[in-house]
Structure formats: C-alpha cells, structure tokens
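Engineer: sharing a model prediction with you, sequence too.
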Amino acid sequence: MINDLPILDLDFTQQPPIPQPGIDRANELMTSGRLFRYGETESGELDVAKLERRFADEVGTRYCVALNSCGASLAVALLSAGVKKGDTVLMNAFTLAPVPGSIAHVGAVPAFVGITEDYTVDLADLRSVALRTGSRFLLLSHMRGHISNMHDVLALSAELGLTLIEDCAHTMGASWDGQPTGTFGVAGCFSTQTFKHINSGEGGLLVTDDEDIAARAVLFSGSYMLYAQHGAAPAEEVFQRHRLTTPNFSMRMSALAAAVALPQLDLLQERTNIWNTRYSELAELLGQDERIELPVRPAEEEFVASSFQFRAPTLSPKQMEAWVALAADHGVHLKWFGRPEPIGFTSRFDHWRYSPEQALQASTRILDTLCDLRIPLSMTSADTKTIAHILRKTLKRTLSPQTGVDS
C-alpha cells in the first residue's frame, strides 16, 4: 500500500560548500572592504578580471564579460549584437522567465518557437516563425541542458540571416560535437546563480569572439572608463569606437561574487561526472517504465546533467497534479511545466502575458506532462533507486488508486 513506500530524505536544494580558497578570499575582501570590481587608485590583480580571463580560456573564446546575473548577460548580449527597441527576437518556447525577460528588458518583443519531444528547438517551426516575423535575431536556450543539433541551427540561421545568441545557463562545461556551447553564436551567456554549475549566489558570464560586441558589453555592464581593468577585453582602439555612445547600465559583477566563483571552475569536471552518473542511473531505472517517456540524447550532445526531465504523456492534468503531489509526500519534489499558473521558478510561454499571445499546440502538449527533477551533488546511487521506486509506484497509484501501489 501507499504507506509502505519510503520517504526520501534528500534536500534537492542542498549545495556543496564554497571551496576554502573562495571563503578565504571572500573574507579578505570583506576585511578590506574592496567589494567593487574596479580599483580607482589600486587596480592590482582584481578578482573579476581573473574570473573573466580564466573563463574565456575555459570556453576557448577571446573575450569574457562578468555581469551580475545571466539575465543581465542576455540583455547586454542582445543590445551589443544590435537588437533595438521594437525588434522581434525569436526564442524557443521551453525556457525560463529570465529569457523572455531579457528581451523585454531591451524593449524588444519575444516570438516563441516550438520545441520537439526531445525538448530542443523545432527547426521547421523556427523557419516558419522567422519568415512570418522577419526577425533577424535568435536567442536560443539550451534549456535544462538539452542541446539542439547546433550544426543544423547554424545552417538555418545562416540561410535566414539570423544572428544567434546562446543562453547557456544550464550548459556550463557542455559541448555539441566537441565544440563548447556558447561558442556557436556571436555571444554565449552563462550563469553562476545558486543551483547552477558554479555557485556565487548570482552572476553571469558573457563570452564572445567579436571585439565590438565585447567592448559594448563591457561598457553596458558599467565599466565607466575603467575598461582596461577587464581580464579578457579588446584593445583600447575598439573601446574608442563605442565608449561615448554606449550607456552604463550598472550590471557588473562584484568582486565578492567572482572570488566565490573562481575556485569552483576547478571542480566543474568532477561535478559533471557526478551529475552525469546520477542522470544515467535515473534514466536506466525510469526508462524501464513504459508510462514514462525520456528524451533521446544524441551522441554529439556532451551534456552536463544537473537536472533530469521526463514526461508521462498519457496522464491528464488532474492525474499529473495528483502524481506530483503524491511524489512530494514521499520526498520527491518535481517541477511540473503543465501547471495552469506559474509556481516558484517554473513558468512557461503562455504565462508571460507581456509577450504577444501565441498558440503553440504541439509544444503545449509536450509541456503539459513534462516534469523536471533537480540533481543535487549530494544525491547518491541509493537515492536514485529510491527516487525511481517512488515515482514508478506513485504513478501506478495515480493511475489505479483502488489497487494500491504495490499490487
């Protein structure tokens, strides 16, 4: 019966401690009071500049600009790439609120593009929406770490004349066919928010190989005329082209956030191995249940699985709600994208009513039964077995409540 099911004792929001070098440096900064990223009389080796140089090297780009959030990075990337007020920006419908928010931030208009059953952008719909709207910009989210076939995205973008910007909030350390995400478009934006791959509480990193985009991004971020203190920025003559015509939006990262984030880059591969191991275990266990549908992950998709997504496509909204609630009663907390109203971090395209209304029936059908499970680094192999057991048994209970879960 239902009471025979275990209750999982796992905090899905638990984060590992900040590495000791990050704590030590943060304490030094707090003792000195020098929390601003720039120095007016003593620039020295500044923490944010170090992070910018190190992350540019990590991704393999020429330039990196640190900002106070990934959403800010997206907005600055759009502006730096030439998006103007009133422009239409294409974006995949499966993403989170900061992405359309960044488009609205710059005064542009989101146009949603449908998704496939593997949670990536539908290229046929991308062509259709691009031709219908005349948009010249694509803000592509690698939502929850699901990476589109980037060779096909680039080919179609070139054919349609689209400027590509990548939202890589969930793909730090990930690649498509050996090439890091964030390096396919003119700019890529990463997150250092808590629950992402490295944790500074909040933060964003914009990478690019375009010197004019980089210079404008530095100036937009709020460098004043101290742009020479950036760790991975263009030469002085590039800034001369933009420094008097680019507004300061005060979106820069603080020294404290950078100090906390920097030593975590050394842990990224270790964390990736843990996440991907847990993902594989969950996929193996849940994939045995014919009522649960998992996305296909192509061999070219070298993902970093800090979360796990799946669908129960035969369930009604009422059954989905009951299943999610029953699983939560046993300690397994799912985010469900089919809720009629946004809850917590989870919302979807038809909740964002500041955007023009669009009917995306195929995408809505996919999102209606889509569940999202966070994979904390503290999750063990034993936990994955318990999670799968709870989900499968509570699903059976939901579909056949009169029989009990263990019948």
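Structural biologist: Okay, I see it.

Engineer: for the stretch 201-350 of the chain, which segments are assigned as strands?
Structural biologist: Here the stretch 201-350 of the chain has its strands, by DSSP state E, counting those that start in this stretch, at 204-208, 301-302, 307-311, 335-336.

Engineer: and the next helix or strand past the last one?
Structural biologist: Scanning forward in sequence from strand 335-336 by DSSP states H and E, the next helix or strand is helix 361-368.

Engineer: show me what that next one is packed against.
Structural biologist: Here helix 361-368 touches no other helix or strand, going by 3 or more Cβ pairs under 8 Å, 6 or more residues apart in numbering; DSSP states H and E. Yep, even glycine has a C-beta here, placed from its N, CA and C like the rest.

Engineer: who are the packing partners of whatever helix or strand comes next after it?
Structural biologist: Counting by DSSP H and E, the element after helix 361-368 in chain order, helix or strand, is strand 370-374. Packing partners of strand 370-374 (3+ Cβ pairs under 8 Å, 6+ apart): strand 307-311, strand 335-336.

Engineer: hmm, who's touching strand 370-374?
Structural biologist: 12-13, 94, 119, 144, 195, 282, 306-312, 324, 332-338, 346, 387 (Cβ atoms under 8 Å, 6 or more residues apart in numbering).

Engineer: try 6 Å this time
Structural biologist: Strand 370-374 is touched from outside by F12, S307, F308, Q309, F310, R311, L334, K335, W336, F337, with contacts defined as Cβ atoms under 6 Å, 6 or more residues apart in numbering.

Engineer: and that strand, which strands flank it?
Structural biologist: Sheet pairing here is set by DSSP bridges, and for strand 370-374 it gives strand 307-311 (antiparallel), strand 335-336 (antiparallel).

Engineer: could those go into TSV alongside mean neighbour count, distance to L51 and mean pLDDT?
Structural biologist: Output for the strands paired with strand 370-374, formatted as TSV (neighbours: other Cβ atoms under 10 Å; distance: least, Cβ to Cβ, whole Å; pLDDT from 0 to 100):
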stretch	mean neighbour count	distance to L51	mean pLDDT
strand 307-311	21	24	98
strand 335-336	20	30	97
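
Engineer: what about the ones you listed, which gets the closest to K318?
Structural biologist: strand 335-336 (12.3 Å; Cβ to Cβ).

Engineer: any idea how far the closest one is from the chain center?
Structural biologist: Relative to its parent chain, strand 335-336 has a centroid offset of 16 Å by Cα atoms, centre = their mean, to the nearest Å.

Engineer: returning to what we had before: in JSON lines: the strands paired with strand 370-374, plus distance to T398.
Structural biologist: As requested, these are exported to JSON lines (distance: least, Cβ to Cβ, whole Å):
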{"stretch": "strand 307-311", "distance to T398": "14"}
{"stretch": "strand 335-336", "distance to T398": "13"}
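
Engineer: let me know which of the ones you listed is the nearest to A130.
Structural biologist: strand 307-311 (26.2 Å).

Engineer: next, the angle from that closest one to helix 361-368.
Structural biologist: In terms of direction (axes from the mean of the first three to the mean of the last three Cα atoms, to 10 degrees), strand 307-311 departs from helix 361-368 by 120 degrees.

Engineer: off-centre distance for strand 307-311?
Structural biologist: Put simply, strand 307-311 sits 15 Å off its chain's centre (Cα atoms, centre = their mean).

Engineer: re the thing from before, dump the strands of the stretch 201-350 of the chain to TSV, plus distance to C371.
Structural biologist: Output for these, formatted as TSV (distance: least, Cβ to Cβ, whole Å):
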stretch	distance to C371
strand 204-208	27
strand 301-302	20
strand 307-311	6
strand 335-336	6
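
Engineer: all set now, cheers.
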